[in-house]
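Asks: dropping a prediction and its sequence here:
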2 protein chains.
Amino acid sequence: MARMDVVSKQTAQKIERLAEQVMRAVKGGKNPFVEIPVRSLANVRFDPRKRIVQLGGQRQKRYFFNVAMAKKFMQTFLVSDACKELVESGKTTSIRDLYYITKHTIGETRQNTFEEQDESDPIIEDLEVALDALREELHLFASRKGSMVGPITIRDSGDTIDLRRMGSGGWAVPSIVEENVIEFVRHEARYVLLIEKDAVWTRFNEDKFWKRERCVILQGGGQPPRGVRRLVQRLHAELKLPVYVLVDNDPWGFYIYSVMKQGSINLAYESMRMAVPDARFVGLSSFDKDKFRLPANVAIKMDDGDVSRAKQMLGYPWFKEARWQREIQEMVRSGVKFELEALSRRGISFITEEYLPRKLKEKDWLE
Amino acid sequence: MARMDVVSKQTAQKIERLAEQVMRAVKGGKNPFVEIPVRSLANVRFDPRKRIVQLGGQRQKRYFFNVAMAKKFMQTFLVSDACKELVESGKTTSIRDLYYITKHTIGETRQNTFEEQDESDPIIEDLEVALDALREELHLFASRKGSMVGPITIRDSGDTIDLRRMGSGGWAVPSIVEENVIEFVRHEARYVLLIEKDAVWTRFNEDKFWKRERCVILQGGGQPPRGVRRLVQRLHAELKLPVYVLVDNDPWGFYIYSVMKQGSINLAYESMRMAVPDARFVGLSSFDKDKFRLPANVAIKMDDGDVSRAKQMLGYPWFKEARWQREIQEMVRSGVKFELEALSRRGISFITEEYLPRKLKEKDWLE
């Protein structure tokens, strides 16, 4: 067993406690069970004080001696066991890999432990909520996308990396960015800028916006993957850096902002550690077409999906504030959306030299 | 005008020559035209000596005084002009951005120069072949994915980056990796390993395979983007490093290898600078299920699309060799495919500690 860091030790202990509780039930002649918070929509709510999407208090018991539950019970322990081995060996793996690792044929039967990955993925989510441990703490990673540069030095798995000297490429953000992997060594950053599109991030990096403005710039290739979101949250929580989100003026851009800010409904149990309720929207606003004199021919007509998506967002508790309602209503009314790239019509570096500096100076953001 | 490097100067000159030729025609009272190699399938062929997919000799003339061609002629020069400005200013941008930059309404009409990006993208490709300049030399970038680590020091836009100290994340590979942006400073690498999947790359990085084996490891998140392919090609051509490609045992994995090796049919004109005909396939072979004792339950049934795709590949000139025919025929015969992750059934580090070392030692690859 490799020497474990504090985080890994705690995670291993959580898994052990789960197993011990089951063993006690067995020894006591009782039907063993695991208790798992319910992850259905009915048990998800917006906490207006913390301003995040959270799981409610409903829990369900998964029994071993129950025909409907026995297989899932067994699967839960197969996954727990594999995760404990990962944590103790100091290795990490993908959820696809975990599926293969835990898949086998049971004894002499023709029954497999798992048929498809869509059986093992929910078990991982069950385990996350049951243990109150992010999958990253269980040493499981998601797919990775995204890059980061800025006036900050980090330590990644023992290597000290100066993100001020990362050229045009940047540092590739890994999927697992917990404290035991990524440390913040020193920085002169004033804020964090999360950019929806890699192409726009490249513009900001090429123009050395981060140097001039002293900020960390990140992109996650569209909807940011878990690694990027968690890293933004840590930069905010630990270094007290304000977070600005730069996205398109369309329902998808608003959604990206919304997930970064409040968490997602599907994965409500992780909001506490993935969401930044203070995140500020500096993306294109539905009113920017006038403010920044964008020609009409760079507008894109919204399709039916866009419109119904936007209308749905009008109902989100965190978009109830008057300015957001006005914003979304204007989008629906106008029937058009705008991409960040539309700003290039005003000049290739308009976005880094005029658009964003002006937004920040005039505090022209939505929260 | 920023001081230009040699590559940029050459590109700017190529655009100027194109324009001068048109101006000469105008002054001579002739109908000006641009000559563009035909990019249709009929003009694509496999060159068995160079072993790459190449454009043939057919060319077409695009005239200004021709109702069917006038708009495209105008668009060609709008795009040329924007690219010349980019090159001269030392800035780069995305093809999406270029669409917005060159889009405007013509005079007092309601006619736009471009309606959609699918009009400007082919013009870029036309310009690439007409000028014999990759789009990267025109300062246009594609979307970026992928990461790289290994025993090599590079210079990226003036920053010296030691890819031996990139932690778990790695260096994010940019889209433009031409000599004027990325230089190879020094290295101790013995070969290049291109890995299809980010999750598998993470395994190789975590296990420090690249350190033990002295190799550069890259991943491009599935089908590698242009930046990753071009970088692999440069590592091969300039540093004389052999290239190994590690992909799934399925038609998609074979296709990824095929594009890295011979180039793609769609973009045949760039094969010379993107393809590595010597690239070796160390991905899962259809015969590895026995060789590496993979249990039957990790096989995945091929669907109709997979089967017809595999059969199509039997006809590719570069898969005509007996071993490849046997390989693809076995896949079709068995009706199943395997992912690299299936190797994890034998242990989480089986792929880095047994599978690949054995393949390399026994020279058990396909070419």
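Replies: In hand now; what should we look at?

Asks: for residue A:26, which three-state class applies?
Replies: helix (DSSP: H, G, I helix; E, B strand; the rest coil).

Asks: can you give me the helices for chain A?
Replies: Applying DSSP state H to chain A gives helices spanning A:6-27, A:70-89, A:95-102, A:117-131, A:198-206, A:209-213, A:226-239, A:251-262, A:271-274, A:288-291, A:304-313, A:322-334, A:350, A:356-361.

Asks: what about residue A:118, neighbour count?
Replies: By the measure other Cβ atoms under 10 Å in any protein chain shown, the count of residues near residue A:118 is 9. All C-beta spots, glycine's among them, are computed from the backbone N, C-alpha and C.

Asks: and the one 10 residues further on, by the same measure?
Replies: Around residue A:128 there are 23 other residues, counting by other Cβ under 10 Å.

Asks: returning to that earlier point: dump the helices of chain A to CSV, plus mean pLDDT.
Replies: Listed next are the helices of chain A as CSV, based on pLDDT from 0 to 100:
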stretch, mean pLDDT
helix A:6-27, 94
helix A:70-89, 95
helix A:95-102, 95
helix A:117-131, 94
helix A:198-206, 96
helix A:209-213, 98
helix A:226-239, 97
helix A:251-262, 96
helix A:271-274, 90
helix A:288-291, 95
helix A:304-313, 95
helix A:322-334, 97
helix A:350, 97
helix A:356-361, 98
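
Asks: how about those, which one is nearest residue B:358?
Replies: helix A:95-102 (19.3 Å; Cβ to Cβ).

Asks: now residue A:144. Nearest residue, chain neighbours left out?
Replies: Excluding the flanking residues, the one nearest residue A:144 by Cβ to Cβ, 6 or more residues apart in numbering or on different chains is residue A:175, at 4.6 Å.

Asks: same thing with residue A:294?
Replies: Excluding the flanking residues, the one nearest residue A:294 by Cβ to Cβ, 6+ apart is residue A:342, at 5.7 Å.

Asks: same check on residue A:222?
Replies: That would be residue A:196: by Cβ to Cβ, 6+ apart, it lies 6.6 Å from residue A:222.

Asks: let me see the contact set for the one you found.
Replies: A:219-220, A:222, A:245-248, A:253, A:256, A:283, A:340 (Cβ atoms under 8 Å, 6 or more residues apart in numbering or on different chains).

Asks: still on that earlier bit, any chance of the helices of chain A in CSV, with distance to chain B too?
Replies: Formatted as CSV, the helices of chain A follow (distance: least, Cβ to the nearest Cβ, whole Å):
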stretch, distance to chain B
helix A:6-27, 14
helix A:70-89, 7
helix A:95-102, 5
helix A:117-131, 10
helix A:198-206, 4
helix A:209-213, 12
helix A:226-239, 9
helix A:251-262, 14
helix A:271-274, 18
helix A:288-291, 14
helix A:304-313, 17
helix A:322-334, 19
helix A:350, 10
helix A:356-361, 16
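
Asks: export these as CSV, with columns for distance to residue B:236.
Replies: Formatted as CSV, these follow (distance: least, Cβ to Cβ, whole Å):
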stretch, distance to residue B:236
helix A:6-27, 40
helix A:70-89, 35
helix A:95-102, 29
helix A:117-131, 35
helix A:198-206, 25
helix A:209-213, 33
helix A:226-239, 30
helix A:251-262, 38
helix A:271-274, 40
helix A:288-291, 46
helix A:304-313, 44
helix A:322-334, 49
helix A:350, 39
helix A:356-361, 40
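
Asks: looking at the ones you listed, which is closest to residue B:107?
Replies: helix A:288-291 (22.2 Å).

Asks: quick check: buried residues in that closest one?
Replies: Under the neighbour-count criterion of 16 or more other Cβ atoms under 10 Å in any protein chain shown, helix A:288-291 has A:288-289 buried.

Asks: ok now it, how far from the chain's centre?
Replies: 30 Å (Cα atoms, centre = their mean, to the nearest Å).

Asks: could you dump that helix to PDB, C-alpha only?
Replies: This file holds the C-alpha atoms of helix A:288-291, laid out as PDB (Å, rounded to 0.1, in the frame of the first residue of the first chain):
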ATOM      1  CA  ASP A 288     -25.200  44.300 -26.000                       C
ATOM      2  CA  LYS A 289     -26.200  44.400 -29.700                       C
ATOM      3  CA  ASP A 290     -26.900  48.100 -29.200                       C
ATOM      4  CA  LYS A 291     -24.300  48.900 -26.500                       C
END
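
Asks: C-alpha coordinates for stretch A:249-261, CSV please?
Replies: Taking C-alpha atoms only, stretch A:249-261 is exported to CSV below (Å, rounded to 0.1, in the frame of the first residue of the first chain):
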residue,chain,number,x,y,z
ASN,A,249,-25.6,35.1,-25.7
ASP,A,250,-27.8,32.0,-26.1
PRO,A,251,-29.6,29.6,-23.8
TRP,A,252,-26.6,27.2,-23.9
GLY,A,253,-24.3,30.0,-22.7
PHE,A,254,-26.7,30.9,-19.9
TYR,A,255,-26.9,27.3,-18.9
ILE,A,256,-23.1,27.0,-18.7
TYR,A,257,-23.1,30.0,-16.4
SER,A,258,-26.0,28.6,-14.4
VAL,A,259,-24.2,25.3,-13.8
MET,A,260,-21.0,27.1,-12.8
LYS,A,261,-23.0,29.3,-10.4
